[in-house]
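Enquirer: 3D model of this:
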Amino acid sequence: MPRKKRKLFQAPRGTYDILPQDQIYWEKIRRVVRDLSGDYGFDRIDTPIIEDTEIFVKGTGQTTDIVEKQMYSFRSKGGDNLTLRPEGTPGVIRAYLENGFINLPHPVKLYYFGPMFRYEHPQAGRFRQFYQFGFEIIGGQEPVLDVQVIQLFLHILRDLGLKKTEVRINSLGCPECRPGFRRALVDYYRSRKNRICPECQKRLKGNPLRLLDCKEEKCQPVKAGAPASLDYLCHQCHNHLKSVLEFLDELEIPYFLDNQLVRGLDYYTKTVFEVTPEPGEVASGQETRQPISLGAGGRYDGLVKTLGGKPTPAVGMAAGVERIIHLMREQGVKVSARSSPKVFLVQLGELGQRKSLKIFEELHREEIHIAESLSKPSIKSQLKIADKLGAKFSLILGQQEALDGSVIIRDMESGVQETVPIAKVVSELKKRLGKK
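Expert: Below you'll find the predicted structure:
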């Protein structure tokens, strides 16, 4: 009887492992985001990856693709309706309200970095578990805050080595002026209903602004002649956008007005923006007519009230980590690996290993970058690793050295060796490395 083949488990479709050789990109992005967020006055917040489903239904929008098609929702054993977070903003606002941030000096500036979950067809740049970092400024209505979010994101991209990007910007108006634009859009599309895709025919009834977000080839000629939201802005929204653009001009940040930019979330008001690679810098496998979005966001002055708080203006954005890494690779951005160890511990035998562990801890305490290979059986093989890693010195601790209470310090460049007492090895290394 043939033996049953053992099942080989694989990561669920649309997910992936972040392997050790890829971690240098992730560490670089985390470090840049952390450092620049602090410089710009943002504090980190981490919210649960599961939230009450109603937060996204009310906040993100009942008729959005995220809520209708993409959320991973389930009922817990206790009967709670929960959802793996598909985006970060509603959870941050929930935390803002729940934890009394309303009593802090405003605006409150928060940033996050973590996994999101959406059920969608896996393809280049899209995953079912993916990572985002984002920024939220809560409690400020000034146009300069819209621009600061854009400036911060571009600063991050620049520090990551991505300079060939562009900003697309639009205004969706406010509850006072948007209904007029919505009516004009519905009237325009209704007379051309037979020329748009089935999905847009559904959007025409439930979420007409999403008509401008359609990527189907069939809909592009119709979309090209659609009304523009800029033509329907009230005086306040017009002045807000004008100020935003003047700030961008002052900062010499290139942008272009895109009257078809609407974003896919219901809570946006006034400014919306998207940062994409410049034409010709789009990653391979991507449709050049529809450039990938590296990051996007806008103003959401009604979300705090929608989720149970007082009317509070806010603006924010989120960025896709996988897309940024993909573009860094496409553009050949060099990311240096962790710096080479200064010292390599070479040991032999159980007693040598025990002594080596103590020396390792002492050197680490003195902030001397050290490496080892405790499982290697021979001194020769360990010295090869030390040479490959570029260590300046090796500490050789065999059975005899361990018994004598001594260590051999080997200069890896000259090959010169010197035996010193184990109690003096740290001070001797510090002297040779020029550390006080």
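Enquirer: from here on, contacts and neighbour counts on C-alpha atoms
Expert: OK.
Enquirer: How is Ile396 assigned, secondary-structure-wise?
Expert: Of the three states, Ile396 takes strand under DSSP: H, G, I helix; E, B strand; the rest coil.
Enquirer: Please list all residues in contact with it.
Expert: Ile396 makes contacts with Leu345, Val346, Gln347, Ile379, Val407, Ile408, Ile409, Arg410, as judged by C-alpha atoms under 8 Å, 6 or more residues apart in numbering.
Enquirer: Filter the residues you listed down to the buried ones, PyMOL style.
Expert: Selecting the buried subset of these in PyMOL, with 16 or more other C-alpha atoms under 10 Å as the burial test, is done by:
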select buried, resi 345+346+347+407+408+409+410
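Enquirer: So which of the contacts of Ile396 are in helices?
Expert: Cross-referencing these against helices under DSSP state H gives Ile379.
Enquirer: Just the contacts of Ile396: which are in strands?
Expert: Leu345, Val346, Gln347, Val407, Ile408, Ile409, Arg410 (DSSP state E).
Enquirer: which residue packs closest to the fifth one, ignoring adjacent ones?
Expert: Just to be clear, that refers to Ile408. Thr419 (4.3 Å; C-alpha to C-alpha, 6 or more residues apart in numbering).
Enquirer: Identify the residues contacting stretch 6-15?
Expert: Contacts of stretch 6-15 (C-alpha under 8 Å, 6+ apart): Asp17, His121, Pro122, Arg126, Phe127, Arg128, Gln129, Phe130.
Enquirer: Sort these by pLDDT and name the bottom one.
Expert: Going through the contacts of stretch 6-15 one by one, the lowest pLDDT turns up at Pro122, 67.
Enquirer: what's the span of stretch 297-312, first residue to last?
Expert: End-to-end distance for stretch 297-312: 17 Å, by C-alpha to C-alpha, to the nearest Å.
Enquirer: Buried ones in that stretch, by neighbour count?
Expert: Across stretch 297-312, burial judged by 16+ other C-alpha under 10 Å covers Gly297, Gly298, Arg299, Tyr300, Asp301, Gly302, Leu303, Val304, Leu307, Gly309, Thr312.
Enquirer: just the strands in the stretch 51-200 of the chain please.
Expert: 72-75, 81-84, 108-117, 129-138, 165-171 (DSSP state E, counting those that start in this stretch).
Enquirer: I'd like those strands as a markdown table, with mean neighbour count and distance to Gln260 appended.
Expert: Output for the strands of the stretch 51-200 of the chain, formatted as a markdown table (neighbours: other C-alpha atoms under 10 Å; distance: least, C-alpha to C-alpha, whole Å):
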| stretch | mean neighbour count | distance to Gln260 |
| --- | --- | --- |
| strand 72-75 | 14 | 29 |
| strand 81-84 | 18 | 30 |
| strand 108-117 | 21 | 26 |
| strand 129-138 | 23 | 23 |
| strand 165-171 | 21 | 8 |
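Enquirer: Out of these, the one nearest Leu374 is which?
Expert: Leu374 lies closest to strand 108-117 among the strands of the stretch 51-200 of the chain, at 34.1 Å (C-alpha to C-alpha).
Enquirer: what comes into contact with the closest one?
Expert: Defining contact as C-alpha under 8 Å, 6+ apart, one finds that strand 108-117 is touched by 30, 37, 41-46, 49, 71-72, 84-88, 101, 128-139.
Enquirer: What of stretch 207-224?
Expert: Outside of stretch 207-224, the residues within contact range by C-alpha under 8 Å, 6+ apart are 63-64, 182, 185-186, 189, 192, 195-197, 200, 203-204, 260-264, 290.
Enquirer: Val275 and Gly295 touch, don't they?
Expert: Yes: counting by C-alpha atoms under 8 Å, Val275 touches Gly295, with 5.4 Å between them.
Enquirer: if I look at Gln10, how far off is Arg128?
Expert: Going from Gln10 to Arg128 by C-alpha to C-alpha gives 15 Å.
Enquirer: Can you give me the domain assignment for this protein?
Expert: The chain is divided into the following domains under automatic domain parsing: 20-177+233-330, 343-433.
Enquirer: can you give me the end-to-end distance of the longest one?
Expert: In domain 20-177+233-330, first residue to last residue: 20 Å (C-alpha to C-alpha).
Enquirer: circling back: show me the two of the buried residues of stretch 297-312 that sit farthest apart.
Expert: Spatially, the most separated pair among those is Gly297 and Gly309, at 21.2 Å (C-alpha to C-alpha).
Enquirer: quick one on the thing from earlier: between the contacts of stretch 6-15, which sits nearest Ile359?
Expert: Asp17 (34.1 Å).
Enquirer: which SS state does the residue lying closest to that closest one once chain neighbours are set aside fall under?
Expert: With sequence-adjacent residues excluded and distances taken as C-alpha to C-alpha, 6+ apart, Asp17 is closest to Ala11, at 7.6 Å. The three-state label given to Ala11 by three-state DSSP is coil.
Enquirer: ok, back up a step: which of the buried residues of stretch 297-312 fall within strands?
Expert: Members of those lying in strands (criterion: DSSP E): Gly297, Gly298, Arg299.
Enquirer: partner residues bridging the closest residue to the first one other than its chain neighbours?
Expert: Counting by C-alpha to C-alpha, 6+ apart, the nearest residue to Gly297 once its immediate chain neighbours are dropped is Met317, at 3.8 Å. With DSSP bridges applied, the residues forming beta bridges to Met317 are Phe135, Gly297.
Enquirer: residues in contact with Met317?
Expert: Counting by C-alpha under 8 Å, 6+ apart, Met317 touches Gly134, Phe135, Glu136, Val149, Gly295, Ala296, Gly297, Gly298.
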